[in-house]
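Undergrad: using only what follows, build the 3D model:
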Amino acid sequence: MRQHIERWLGLLGSGLLENWQDDQAIEAAIEIVGEAQLSDLREWMTHQSHEDLQELDATAIEVCIWMARADGIVSEAERMHIEELIAASHLDRATVVRVREAWERRPNLIGLADRLPHPILRELLLVLAWQTAFADGRLNRVEQGGELLLATLLAVPEERSYALRHSLGAISRRPPPLHPPSGAPLAK
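TA: I've put the predicted structure just below:
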């Protein structure tokens, strides 16, 4: 499931489905936020400039860095998760450098909801941040507090945050497919 959620950044920005994993990423997003909501987000993103999409992706990754650093310890699994997000995002070189510099400091999340103006984008980012915090297989009290703060900063109401968490939990417990659909390329 985590690898599908990581692909959201690249997919939402480009709208291009490259393989069966992209299809599964979209299916996961639909199950979490709903098909109509995801369609609305994708339509909204088609009207954003390349620079705006780069900034949205960079902000999303910085939020995940903030979440990984919430407990003061960035595990190797969390670090790998962030690196996979950077790779999936298709950021330009200068933006990648800026995002990597965020490892040295705690990213500033003031005005976060304003920088991520679409409510479904904020919801998907909250789920992505949860996946970052849980990349090492554990969620401690500080990370749990970080989740609550992040939901507030993203202007995701508590009830909606709970519903998103429930949806993520339901699809995370499903066993992964044994193999890709017929004719689909295998993951690297």
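
Undergrad: CA only for contacts and neighbour counts going forward, please
TA: Will do.

Undergrad: let me see the ranges of the helices in the protein.
TA: Using DSSP state H, the helices of the chain run over 2-6, 8-14, 20-33, 35-46, 50-68, 76-89, 93-101, 112-115, 119-133, 141-153, 158-172.

Undergrad: which stretch in the ones you listed is the model least sure about?
TA: Per-segment mean pLDDT for these reaches its minimum on helix 2-6, at a mean of 47.

Undergrad: hmm, V33 is touching P119, no?
TA: No - counting by C-alpha atoms under 8 Å, V33 stays clear of P119, with 10.4 Å between them.

Undergrad: which one of those two has more residues nearby?
TA: More crowded of V33 and P119, by other C-alpha atoms under 10 Å: V33, with 19 against 15.

Undergrad: list the residues that contact both of V33 and P119?
TA: When C-alpha atoms under 8 Å, 6 or more residues apart in numbering defines a contact, no residue borders V33 and P119 alike.

Undergrad: give me the most central residue, this structure.
TA: L128 (3.1 Å; C-alpha atoms, centre = their mean).

Undergrad: touching, that one and I65? I think so.
TA: No - contact criterion C-alpha under 8 Å: L128 and I65 do not qualify, at 10.9 Å.

Undergrad: who touches stretch 91-107?
TA: Residues outside stretch 91-107 that contact it (C-alpha under 8 Å, 6+ apart): Q54, D57, A58, I61, E62, V63, I65, W66, R69, I86.

Undergrad: how about stretch 146-156?
TA: By C-alpha under 8 Å, 6+ apart, stretch 146-156 touches 67, 70, 109-113, 116, 119, 122-123, 126, 129-130, 157-158, 161.

Undergrad: with only the CA atoms kept, save that stretch in CSV.
TA: Output in CSV follows, covering the C-alpha atoms of stretch 146-156 (Å, rounded to 0.1, in the frame of the first residue of the first chain):
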residue,chain,number,x,y,z
GLY,A,146,2.2,15.5,15.3
GLU,A,147,-0.6,13.9,13.3
LEU,A,148,-3.2,15.9,15.3
LEU,A,149,-1.3,19.1,14.8
LEU,A,150,-0.8,18.4,11.1
ALA,A,151,-4.5,17.7,10.6
THR,A,152,-5.2,21.1,12.2
LEU,A,153,-2.6,22.9,10.1
LEU,A,154,-4.0,21.3,6.9
ALA,A,155,-7.5,22.4,8.0
VAL,A,156,-8.8,18.8,7.9
